[in-house]
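Asker: Output the structure for:
(chains A, B, C and D)
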Protein chains: 2
Amino acid sequence: MKDNVLIGVKEIARQANVSIGTVDRVIHDRTGVAEVTRKKILAIMKELDYQPNILARRLASKKVLRFATLIPAVSSETEFWEAPLKGIQQAEAEIKQFGIVIDKYFYNQNDKQSFVDQSKKILKTNVDGVLVAPIFIEESLAFSKLCNLAKIPQVFINSDIPNESRLSYIGPDLFQSGHLSAHIVNYLVAKHDKILIVNISKEIDSYHHLLRKEKGFISYFEGHEKEVQIIKTDITPETDYASISIKLRVVLAEHTDVKVIFVTNSRVFSVAQFLEKNGLSHIRLVGYDFLTESIAYLKKGIIDFLICQKPQEQGHKGIMTLYQNLVLNTEIEATYYMPIDIITKENYKSYRN
Amino acid sequence: MKDNVLIGVKEIARQANVSIGTVDRVIHDRTGVAEVTRKKILAIMKELDYQPNILARRLASKKVLRFATLIPAVSSETEFWEAPLKGIQQAEAEIKQFGIVIDKYFYNQNDKQSFVDQSKKILKTNVDGVLVAPIFIEESLAFSKLCNLAKIPQVFINSDIPNESRLSYIGPDLFQSGHLSAHIVNYLVAKHDKILIVNISKEIDSYHHLLRKEKGFISYFEGHEKEVQIIKTDITPETDYASISIKLRVVLAEHTDVKVIFVTNSRVFSVAQFLEKNGLSHIRLVGYDFLTESIAYLKKGIIDFLICQKPQEQGHKGIMTLYQNLVLNTEIEATYYMPIDIITKENYKSYRN
DNA sequence: CTGAAAGCGCTTACAG
DNA sequence: CTGAAAGCGCTTACAG
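Answerer: Have a look, this model is predicted:
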């Protein structure tokens, strides 16, 4: 008659003939419980299919959970990292009432050392989970190893690193996004047309990510009936407008018949600026990311398409993934590819990052 | 010294020199509190910028919140409504530990009466919030009015209804999505090409939504340099494959030079089937929604593009909106347009509803 | 190794 | 109109 009256730890304690303190100990795998008792309690928990009440747990526990985020600072060059930060802040607002605190660290994406410095800082605090944008491959890998030693789960966003021990990657499938860009470009070209791929990057490490997109792009046209001609140019390490301008001028002087330019990252707005200034707006232009400057060129028709992968949602989902893992104890997908969104003059207004 | 030791209702009670029971009464706007007391407590709450602890509230309150959802049943004609339902279930799993129960009601989208019947059922239960897909305009409006009388907040998904008193609309901007489709089609046509718009709908009410898309589409080409010729055909009320086939055969016999077909809803797969069977796959085809059948035609290249608006997220976000309003007491956006996603052969694999 | 008690910030009867 | 007490399902010292 009284069987189902009790619930949770109390019911377990009753059935096991122990106090709820002891039940709590085995739930949290703490030491100081006789092996027999532990086994008995575990069995009962299993039979009852015990699910802890998260509300009660967070309310009773004074302990706050600390998450750290490590992403590039918003730079004068690109506002791209504003969006993930916004997503992080949004998630923070949603879960702060559950006792979660988020410490935000930023590095300079043109300076590896700043990444190393910041990551060291994080490890000095006692942090329960980290969200990282691992732009620098080796340094990120080193950081990841240290986290794993300290049993700190890591979520990567924006770009992945071959690393089996991260909790999850949330971001684009770079190869596929290049492939899709090519599909769109395919609508813009005729047989034998010439296409220019432009990689703009200061740091050689991020260049690696651009190459993935480039490969996806090129693969689309391999053996394709249109038999387009693809040429490419890399603009590095100087990426100010003057440097870009000089380089493009040379390339386009040599190849006067370029029909489409594909820029593998958000720096597409610099190329747009160049085309506009030099009266070359008949050249079709495709690039990446939802930046204010790029949108302006999209409106004007200088940029035809932008590929975007929900940077804000990446930040938001990254934090929520840590939350789900650490608080709710949910299963986490090791890889979560963001949808590849195509932004045009027509739909940018309703676009949600 | 002891000032900040207390928190929440206790601190308010202390400052107001009353018991926490009384504080609770004014927080929840219950009767039976002297006006002076109420004012005093309100003032203190304001000064302290009191934010209730949701965890404690939900834990202490035995009351469950009931949400009801009213959407079309998945039909043999289209699996479209599977996705919103999935989103609803996903949200349910996330918030059920907060004491929220979701009752799911379904109507037949070809039968107004079934909508009326189900909505009546809902009103007989004591429900705290509803999520509705208001396909039938008048019936939905009537239901909405009754909800408002009973102070039940409503969230609309998938299509909106002129109605100032709903809590929120979450779904596509129909006009814009038609406009965007036209922009894409623009890449597929040459000057003076002929475009066929196809509306397929059993119920005249949902036809209204299709018209919005049609208008957006046509508006794009008004005064456009390409001077395309746009014709249209409505297939109603019979929408089985045979009926569609007969109608299309007639139209395409008369207009043998149609270059592109734009189908204003998910029934694009029926048109694809027709084109394939009749060796007309050279005609470009654009339509709506991420259905298994349509994706198959997308893969084959019979369908060129699909416009999709995250039906699953609509369901998910719809429930979460009720949750935010009723539990967290957050400000809610009255209109939340879903992004307009363009699905192609290249990106459908990573598409998230 | 284990238990009893206090407490997290609220809500809910109940008593007056 | 108001207060005191019990309780939601946990966690956290503390005592033994």
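Asker: which residue sits closest to the residue of chain A found nearest DNA strand D in space, ignoring its chain neighbours?
Answerer: Nearest residue of chain A to DNA strand D: residue A:8, at 2.5 Å (Cβ to the nearest atom of the strand). The C-beta positions use only the backbone N, C-alpha and C, and glycine is treated the same way. In space, and not counting its chain neighbours, residue A:8 is closest to residue A:53: 6.1 Å by Cβ to Cβ, 6 or more residues apart in numbering or on different chains.
Asker: residues contacting the one you found?
Answerer: A:8, B:59, B:97 (Cβ atoms under 8 Å, 6 or more residues apart in numbering or on different chains).
Asker: What pLDDT does the model give it?
Answerer: In this model, residue A:53 is scored at 87, pLDDT.
Asker: can you list the residues of chain A near DNA strand C?
Answerer: A:17-22, A:25, A:31-38, A:56, A:59-60, A:62 (Cβ under 7 Å from any atom of the strand).
Asker: picking that back up, restricted to buried residues, select the contacts of residue A:53 in ChimeraX.
Answerer: To isolate the buried members of the contacts of residue A:53 in ChimeraX, using 16 or more other Cβ atoms under 10 Å in any protein chain shown:
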select /A:8 /B:59
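Asker: Which strands or helices does the helix or strand encompassing residue A:286 pack on?
Answerer: Per DSSP states H and E: residue A:286 is located in strand A:284-288. Here strand A:284-288 touches helix A:174-188, strand A:258-263, helix A:268-277, strand A:305-308, going by 3 or more Cβ pairs under 8 Å, 6 or more residues apart in numbering or on different chains; DSSP states H and E.
Asker: That strand to helix A:174-188, inter-axis angle?
Answerer: If you take axes from the mean of the first three to the mean of the last three Cα atoms, to 10 degrees, strand A:284-288 sits at 160 degrees to helix A:174-188.
Asker: Would you mind writing the CA trace of strand A:284-288 as PDB?
Answerer: Extracted C-alpha coordinates of strand A:284-288, given in PDB (Å, rounded to 0.1, in the frame of the first residue of the first chain):
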ATOM      1  CA  ARG A 284      30.100  36.500 -60.300                       C
ATOM      2  CA  LEU A 285      31.100  36.200 -56.700                       C
ATOM      3  CA  VAL A 286      30.500  33.500 -54.100                       C
ATOM      4  CA  GLY A 287      31.900  33.400 -50.600                       C
ATOM      5  CA  TYR A 288      31.300  32.700 -47.000                       C
END
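Asker: And the helix or strand just after it, what's buried?
Answerer: Sequence-wise, the next helix or strand downstream of strand A:284-288 (DSSP H and E) is helix A:292-300. Neighbour-count burial for helix A:292-300, with 16+ other Cβ under 10 Å as criterion, is recorded at A:293-295, A:297-298.
Asker: Then stretch A:113-132?
Answerer: A:114-116, A:118-119, A:122-123, A:127-132.
Asker: Name the SS class of residue A:198, please.
Answerer: strand (DSSP: H, G, I helix; E, B strand; the rest coil).
Asker: Contact partners for the nearest residue to it once chain neighbours are set aside?
Answerer: Spatial nearest neighbour of residue A:198, chain neighbours left out: residue A:263 (4.7 Å); criterion: Cβ to Cβ, 6+ apart. Going by Cβ under 8 Å, 6+ apart, residue A:263 touches A:197-200, A:271, A:285-288.
Asker: count of residues packed around residue A:337?
Answerer: Each residue near residue A:337 was counted by other Cβ atoms under 10 Å in any protein chain shown, and the total is 20.
Asker: Any regions of chain A where pLDDT drops low?
Answerer: Within chain A, the ranges that satisfy pLDDT under 70 run A:1-5, A:164, A:353.
Asker: what's the helix or strand for whichever residue of it sits closest to DNA strand C?
Answerer: Residue of chain A nearest DNA strand C, by Cβ to the nearest atom of the strand: residue A:21 (2.9 Å). Here residue A:21, judged by DSSP H and E, is contained in helix A:20-27.
Asker: now do residue A:118
Answerer: Short version, using DSSP H and E: residue A:118 is in helix A:112-124.
Asker: Over to residue A:46?
Answerer: helix A:35-48.
Asker: Between helix A:20-27 and that helix, find me the angle.
Answerer: Using the same axes, to 10 degrees: helix A:35-48 against helix A:20-27 is 80 degrees.
Asker: just to revisit the earlier point, same list (the buried residues of helix A:292-300) but as JSON lines, adding distance to residue B:184.
Answerer: Listed next are those as JSON lines, based on distance: Cβ to Cβ, whole Å:
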{"residue": "A:293", "distance to residue B:184": "24"}
{"residue": "A:294", "distance to residue B:184": "19"}
{"residue": "A:295", "distance to residue B:184": "18"}
{"residue": "A:297", "distance to residue B:184": "19"}
{"residue": "A:298", "distance to residue B:184": "15"}
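Asker: can you pull the buried residues of the helix holding residue A:21?
Answerer: Buried-residue list, helix A:20-27, by 16+ other Cβ under 10 Å: A:20, A:22-27.
Asker: And the contacts of it?
Answerer: The contact list for helix A:20-27 (Cβ under 8 Å, 6+ apart) reads A:9-10, A:12-13, A:16, A:30, A:32-33, A:37-38, A:41-42, A:45, A:50, A:52.
Asker: let's see 6 Å
Answerer: A:9-10, A:12-13, A:33, A:38, A:41 (Cβ atoms under 6 Å, 6 or more residues apart in numbering or on different chains).
Asker: In TSV, list those along with neighbour count and secondary structure.
Answerer: Shown next, in TSV, are these (neighbours: other Cβ atoms under 10 Å in any protein chain shown; DSSP: H, G, I helix; E, B strand; the rest coil):
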residue	neighbour count	secondary structure
A:9	21	helix
A:10	13	helix
A:12	25	helix
A:13	19	helix
A:33	18	coil
A:38	15	helix
A:41	24	helix
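Asker: tell me which of those residues is nearest to residue B:324?
Answerer: residue A:9 (30.4 Å; Cβ to Cβ).
Asker: for that closest one, what are its contacts?
Answerer: With Cβ under 6 Å, 6+ apart, residue A:9 has these contacts: A:20, A:23.
Asker: Let's see that with 10 Å instead.
Answerer: A:19-24, A:27, A:41, A:45, A:50, A:52-53, A:56 (Cβ atoms under 10 Å, 6 or more residues apart in numbering or on different chains).
Asker: What of residue A:131?
Answerer: Per Cβ under 10 Å, 6+ apart, neighbours of residue A:131: A:67-71, A:84, A:88, A:91, A:102, A:104, A:153-157, A:167-168, A:170, A:314-315, A:317-319, A:321-322.
Asker: Show me how to select, in PyMOL, the buried members of the residues you listed.
Answerer: Of those, the buried ones can be selected in PyMOL as follows, counting by 16+ other Cβ under 10 Å:
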select buried, chain A and resi 67+68+69+70+71+84+88+91+102+153+154+155+156+157+167+168+170+314+315+317+318+319+321+322
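Asker: Now go through the contacts of residue A:131 and say which are in helices.
Answerer: A:84, A:88, A:91, A:314-315, A:317-319, A:321-322 (DSSP state H).
Asker: Excluding sequence neighbours, find me the nearest residue to residue A:324.
Answerer: residue A:330 is the one closest to residue A:324 (Cβ to Cβ, 6+ apart), at 4.2 Å.
Asker: Noted, bye for now.
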